[in-house]
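1. predicted coordinates and the sequence they were generated for:
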Amino acid sequence: MRDRYVIAMALLVATALMGGVAGPAAGAQPTTESPTIEDPADGSSVHQTDDACGFPLEVTDATGTTVTLDERPERITTTNPSAAQTLWEIGAQDRVVGVTQYAAYLDGASERTNVSAEGFGVSVERVVGTEPDLVLVPNASSASVAESLRAQNLTVYHFDAATSIANIEEKTETTGRLVGNCEAATETNAEMNEAVADAEDRTADLDRPNALYPLGDGYVAANNTFINSLMEVGGVNNVAAAEGDGYPQLSNEVILETDPELILVTDPEASILDEEPYASTTAGTEGNYVVMNVNYLNQPSPRSVIESTETLATAVEELQTEGEESTDDEGGSQSQAPGFGVVAALIAALAATLIARRP
């Protein structure tokens with residue numbers, strides 16, 4: 001039965017089409033915040049002044065633009081939920097005045113101005129209306145969005161692409177510096193790194209199942225993506241990593257050849273496993289899937305790393321347990337009652353959600 005392999009139940013499952021991104025996938029799976037990989041060769045830099053987290057401050061963002069902040073920004077607007085999630089994580093949410101609709105899951109986000117456009121992307125007019133001291137523009141919003149906002153005389157910082165956990169750590173540190181919450185950013189990164197080490201320790205001696213995260217219409221999360229980094233830390237082998245970088249579209253034949261043993265989904269019903277070619281993979285025939293929280297898996301932010309790696313590590317442990325129980329059953333040994341793994345994982349997911357919503 002498929003239900004036996006449900007590893008974790010996400011409580012906040014919603015559409016994850018990120019503002020400002022024309023995502024390739026439509027259907028069962030959401031698009032990610034960074035569907036294209038930009039060259040961060042120039043990088044960003046921070047030039048501190050008197051004190052380690054003081055102002056005035058000069059920074060160079062991913063577009064090569066020098067951004068000057070004379071004083072700590074008191075009104076901050078974000079154009080993508082990953083930036084909002086990071087601000088919430090480092091305790092700067094009280095100064096956030098504008099977010100996109102996809103940050104609605106954050107506690108109190110509904111009280112902020114929704115800067116999403118009516119159809120798609122970000123509304124420049126709405127952003128201007130928030131009267132921000134600083135606008136944070138993650139890589140998912142194109143550089144043209146940043147330029148359009150700068151044309152309105154707004155102070156804008158555009159981030160590099162986050163294609164690894166190390167990039168997320170750097171983004172968090174930069175965000176903390178930009179808003180004057182350096183110590184909180186350091187503490188957040190420490191918590192994230194501890195979670196990474198824990199997930200790696202938990203799965204170090206376990207078999208690594210071959211896994212795949214389908215986005216819909218054949219698109220997958222492949223190499224050089226933060227999702228691939230999450231999968232590696234969580235104890236699985238991303239079979240798409242060998243098929244290219246970023247978020248390529250794979251043919252049915254290639255997906256069948258990769259033959260994942262575990263499918264990552266954000267739909268609790270895992271309806272994609274009933275569709276070809278996924279239904280004919282080992283994951284499909286054996287009903288092996290793990291339900292991920294879309295708000296965490298698809299947003300390159302510290303809490304995403306913490307929650308997603310914990311969920312994946314739990315999935316790997318559960319699959320190993322299921323495999324051992326099957327072997328024991330064949331030898332005549334008594335196994336756990338059906339559904340035990342589901343209940344245990346659900347409790348773990350609920351606990352993780354409560355932690356994520358801590359004040």
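-> Yep, it's here. Keep in mind that this is a model prediction, so the values were computed, not measured. Numbers count the residues shown, from 1 in each chain.
2. any idea how far the residue positioned nearest the centre of the chain is from Thr172?
-> By CA atoms, centre = their mean, the chain has its centre lying nearest to Gln299, at 2.8 Å. Taking CB to CB, to the nearest Å as the measure, Gln299 and Thr172 are separated by 12 Å. For the C-beta atoms, the positions are set from N, CA and C on the backbone; glycine is no exception.
3. cool, and Leu256?
-> Between Leu256 and Thr172 the computed distance is 39 Å (CB to CB).
4. quick one, which of those two is more surrounded?
-> Thr172 (25 against 15; other CB atoms under 10 Å).
5. spit out the contact partners of the more buried one.
-> Thr86, Glu89, Ile90, Ala185, Thr188, Asn189, Met192, Ser301, Pro302 (CB atoms under 8 Å, 6 or more residues apart in numbering).
6. let's see that with 7 Å instead.
-> Neighbour list for Thr172: Thr86, Ala185, Thr188, Asn189, Pro302 [criterion: CB atoms under 7 Å, 6 or more residues apart in numbering].
7. can you show me the helices along the stretch 151-300 of the chain?
-> Assigned by DSSP state H, counting those that start in this stretch, the helices in the stretch 151-300 of the chain fall at 165-179, 182-203, 226-233, 252-258, 282-286, 294-297.
8. got a markdown table for those helices, with mean pLDDT and distance to Gln320 too?
-> Output for those, formatted as a markdown table (pLDDT from 0 to 100; distance: least, CB to CB, whole Å):
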| stretch | mean pLDDT | distance to Gln320 |
| --- | --- | --- |
| helix 165-179 | 98 | 24 |
| helix 182-203 | 98 | 9 |
| helix 226-233 | 98 | 16 |
| helix 252-258 | 98 | 21 |
| helix 282-286 | 97 | 14 |
| helix 294-297 | 94 | 22 |
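9. could these be laid out in TSV, adding distance to Gly98?
-> Formatted as TSV, the helices of the stretch 151-300 of the chain follow (distance: least, CB to CB, whole Å):
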stretch	distance to Gly98
helix 165-179	14
helix 182-203	21
helix 226-233	24
helix 252-258	40
helix 282-286	40
helix 294-297	18
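10. for the nearest residue to Leu154 once chain neighbours are set aside, which three-state class applies?
-> Distances taken as CB to CB, 6 or more residues apart in numbering place Val135 nearest to Leu154, at 5.4 Å, with adjacent residues excluded. Classification of Val135 using DSSP: H, G, I helix; E, B strand; the rest coil returns strand.
11. okay, now Val135: neighbour count?
-> For Val135, the count of nearby residues is 29 (other CB under 10 Å).
12. dump the residue contacts of it.
-> Thr77, Thr79, Val127, Leu149, Leu154, Thr155, Val156.
13. tell me which of the residues you listed is nearest to Asn167?
-> Taking CB to CB as the measure, Thr79 is the one of the contacts of Val135 closest to Asn167, at 18.1 Å.
14. you'd agree that closest one is up against Ser141?
-> Yes: with contact defined as CB atoms under 7 Å, Thr79 reaches Ser141; the gap is 4.6 Å.
15. pick out whichever of these two has more residues nearby.
-> Neighbour count, other CB under 10 Å: between Thr79 and Ser141, Thr79 has more, with 31 against 28.
16. sorry, back to before: tell me the pLDDT at the residue nearest to the residue nearest to the centre of the chain when sequence neighbours are not counted?
-> Nearest non-adjacent residue to Gln299, counting by CB to CB, 6+ apart: Ser82, 4.2 Å away. Confidence at Ser82, expressed as pLDDT, is 96.
17. again with Gly119
-> pLDDT for Gly119: 84.
18. where's it relative to Val265, distance?
-> Taken as CB to CB, the span from Gly119 to Val265 is 27 Å.
19. which one's more surrounded, those two?
-> The neighbour comparison of Gly119 against Val265 (other CB under 10 Å) goes to Val265, with 25 against 6.
20. surely that one touches Val291?
-> Yes: taking contacts as CB under 7 Å, Val265 lies within contact range of Val291: 5.9 Å.
21. ok, Phe159 - how many residues close by?
-> Neighbourhood size, Phe159 [other CB under 10 Å]: 28.
22. quick one on the thing from earlier: out of the helices of the stretch 151-300 of the chain, the one nearest Ala104 is which?
-> Ala104 lies closest, by CB to CB, to one member of the helices of the stretch 151-300 of the chain: helix 294-297, at 9.4 Å.
23. counting contacts, what elements does that closest one pack onto?
-> Contact partners of helix 294-297 among helices and strands, from 3 or more CB pairs under 7 Å, 6 or more residues apart in numbering; DSSP states H and E: helix 302-330.
24. only whichever of the contacts of Thr172 are buried, select them in ChimeraX.
-> Selection of the buried residues among the contacts of Thr172 in ChimeraX, burial being defined by 16 or more other CB atoms under 10 Å:
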select :86,185,188,189,302
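25. show me which pair in the contacts of Thr172 is furthest apart.
-> Farthest-apart pair in these is Thr86 and Asn189; separation 10.5 Å (CB to CB).
26. redo the contacts of Thr172 as JSON lines? Include distance to Ile272.
-> Formatted as JSON lines, those follow (distance: CB to CB, whole Å):
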{"residue": "Thr86", "distance to Ile272": "29"}
{"residue": "Ala185", "distance to Ile272": "36"}
{"residue": "Thr188", "distance to Ile272": "33"}
{"residue": "Asn189", "distance to Ile272": "34"}
{"residue": "Pro302", "distance to Ile272": "28"}
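27. list just the nearest of the contacts of Thr172 to Glu58.
-> The closest of the contacts of Thr172 to Glu58 turns out to be Ala185 (CB to CB; 18.5 Å).
28. so what's the closest residue to the closest one other than its chain neighbours up against?
-> Leaving aside its chain neighbours, Ala185 sits nearest to Gly176 (2.5 Å; criterion: CB to CB, 6+ apart). With contact taken as CB under 7 Å, 6+ apart, Gly176 is in contact with Ile90, Cys182, Ala184, Ala185.
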